[in-house]
Each structure stands twice: as C-alpha cells, then as structure tokens.
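Colleague: kindly return the folded structure for what I paste below:
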Amino acid sequence: MAYFSGQGRVFIGARTSGGNPAGLNFVGNVPDLKVSLSVETLEHQESQSGQRLTDLQIIKGKKGEFACTLEELIPSNLELALYGSTTAVTTGTVTDEAIATTAEANKLYLLGKQNVSSLVVKAGATTVANTKYTVNAKHGSFQFTDVTGVTGAITASYSYGAANVTAMFTQPLPERWVRFEGLNTADSNREVVIDLYRVAINPAKELSVITSDLLKFELSGQVLADLTKSASGELGQFGRIVLL
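Modeller: The predicted structure follows:
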C-alpha cells in the first residue's frame, strides 16, 4: 500500500522568459498546500431510446486550482500576498522634514522613516524642548504632550536605521513556479517532488493583523498551462509529481 501524508518545504519564484524557474524563494513553514484539478466537459445525449442516455463526453477545457497557507512574515511572502515590491532602506538622516502646519496635543505625528534616533522637532525656527513630546523611535512617530508656546509649522530632523518596506499593489498579477520538496510520512518518509510550472497567484484575501492566533497568508490561484512544454512530454504542461 502507498498511502500519503505529506510534509516538506515549499519554494515559490519567478519564471524566466524561457519558462524555467529563475531561482525560487523558500517561503517558510507551510501547514497547508492543495492542488485541485478539474475539467469542463461537453456531453451528448442520444435521442433514439426514449431515455436520453449520455453517449458521448468531450473535454472542452482543463484547469487546476492552487491554495496554500504561508505563516512567515518575510518580504518575499509579503510581495506575493500584496502584489507588492520591497525596498531595502539603509541608514541615513533627514533634515527639516515637514510634519504639520500647527502642533496639537495628543495627536500622533508620523515621521517618514522608522528606527529613528537623535530626533529634533522645530516649530518654525524654534527647537521644541523634548519634554513637550513623546517619541516612539522604533515606529517613527511622536505626540505632543504640551503645546504651550509651540507655534509655527512643525518640522523634524533625525537619523534612521535599516528596514524593509513592502508597498501594496505595485506589481502586476504574479505568475510563479511553485515547488514542493517533501516527504511521505505514511510511507517511511519516501521523498517526493511536486512542480507547478505556472501559477497565477491571487492577492491574500485578508491579513489578520490583530488576532490571538498566528498571522497566516491564505494564497490561492490558478494553475495555468505552460505552452513552452509538450502536452505529451514527460513534464506535461501543468505540473508533475515525482516519487523518489
């Protein structure tokens, strides 16, 4: 008997213009990975017996659906989930960044960068005493606790540290190569490889940012035909399963 219960590592990455994987990213722990195959058929019923029996079925189309759950908050996963692009911010300084036209107590003011240090806030040309505001240096924000005598446009100068910033919806629909390198734990950890050559991935339906559970990225998409491959070849046009 050859029952199957899988565990393993999932890699997702871009394709080259020739249809080959262009170097795949390990996406971290994946507790759930599914591939669903279906066909669209045309059926014909005969009209002689009085029972309208189906006497012919033709396959009109073939399709596959892909779904997986990602758990690790890393830039490559965010890019897939958000159709995003990631910018690596290096350390630097900002001088006289415009913040607000006037200061108001207890409102949160945002700096353009995070991991800030050496913050100097000015109202007009006058430096505001740091006893009049509190700073969240990691998040890059501050609040005035006392605006007495604080008049004029608010600016900020500071140093900032490194960070990775992923902007949402800056990229087109991603078509990716998906690979599973795993073990069949129901068959003495027999090794298995699954390749999906061309998966059009949908954006994540939701990001549960505040939750009592771990954040998960629920990804889904359609497995498309890779027409650079032969339909009758050993690789097929949609994907393959290799039992080792």
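Colleague: need the longest strand for the chain.
Modeller: Taking residue count as the measure and DSSP state E as the definition, the longest strand of the chain comes out as strand 54-70.
Colleague: how far does it sit from the chain's center?
Modeller: With CA atoms, centre = their mean, to the nearest Å as the basis, strand 54-70 stands 26 Å off its chain's centre.
Colleague: and if you look at stretch 7-17?
Modeller: Counting by CA atoms, centre = their mean, stretch 7-17 is centred 13 Å from the centre of its parent chain.
Colleague: hey, C-alpha coordinates of that stretch in PDB?
Modeller: What follows is the C-alpha trace of stretch 7-17 in PDB, where atoms were taken according to Å, rounded to 0.1, in the frame of the first residue of the first chain:
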ATOM      1  CA  GLN A   7       5.400  17.300   4.900                       C
ATOM      2  CA  GLY A   8       8.100  19.400   3.400                       C
ATOM      3  CA  ARG A   9       9.500  22.600   2.100                       C
ATOM      4  CA  VAL A  10       7.700  24.900  -0.400                       C
ATOM      5  CA  PHE A  11       9.600  27.200  -2.800                       C
ATOM      6  CA  ILE A  12       8.000  29.900  -5.000                       C
ATOM      7  CA  GLY A  13       9.700  32.100  -7.500                       C
ATOM      8  CA  ALA A  14       9.600  33.900 -10.800                       C
ATOM      9  CA  ARG A  15      10.000  32.200 -14.200                       C
ATOM     10  CA  THR A  16      12.500  33.200 -16.900                       C
ATOM     11  CA  SER A  17      11.300  34.200 -20.400                       C
END
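Colleague: and it, what's buried?
Modeller: Residues of stretch 7-17 classed as buried: 8, 10-13, 15 (neighbour count, 16 or more other CB atoms under 10 Å). Yep, even glycine has a C-beta here, placed from its N, CA and C like the rest.
Colleague: again with stretch 68-81
Modeller: For stretch 68-81, a neighbour-count test (16+ other CB under 10 Å) marks 68, 70, 72, 75-81 as buried.
Colleague: from those residues, which single one is nearest residue 117?
Modeller: Within the buried residues of stretch 68-81, distances to residue 117 taken as CB to CB reach their minimum at residue 75, with 23.8 Å.
Colleague: quick one: that closest one from residue 95, how far?
Modeller: If you measure residue 75 against residue 95 using CB to CB, to the nearest Å, the figure is 29 Å.
Colleague: before we move on, back to that, hmm, which two among the buried residues of stretch 7-17 are most spread apart?
Modeller: Between any two of these (CB to CB), the greatest distance is 21.4 Å, for 8 and 15.
Colleague: do you know the pLDDT at residue 28?
Modeller: For residue 28, the model assigns a pLDDT of 96.
Colleague: please name the nearest non-neighbouring residue to residue 178.
Modeller: With CB to CB, 6 or more residues apart in numbering as the measure, residue 196 is the residue that lies nearest to residue 178, at 4.2 Å, once sequence neighbours are left out.
Colleague: quick check, that neighbour in a helix?
Modeller: No. Membership of residue 196 in a helix is not supported by DSSP: H, G, I helix; E, B strand; the rest coil, which gives strand.
Colleague: what about it, how many neighbours?
Modeller: A count of nearby residues for residue 196, using other CB atoms under 10 Å, gives 21.
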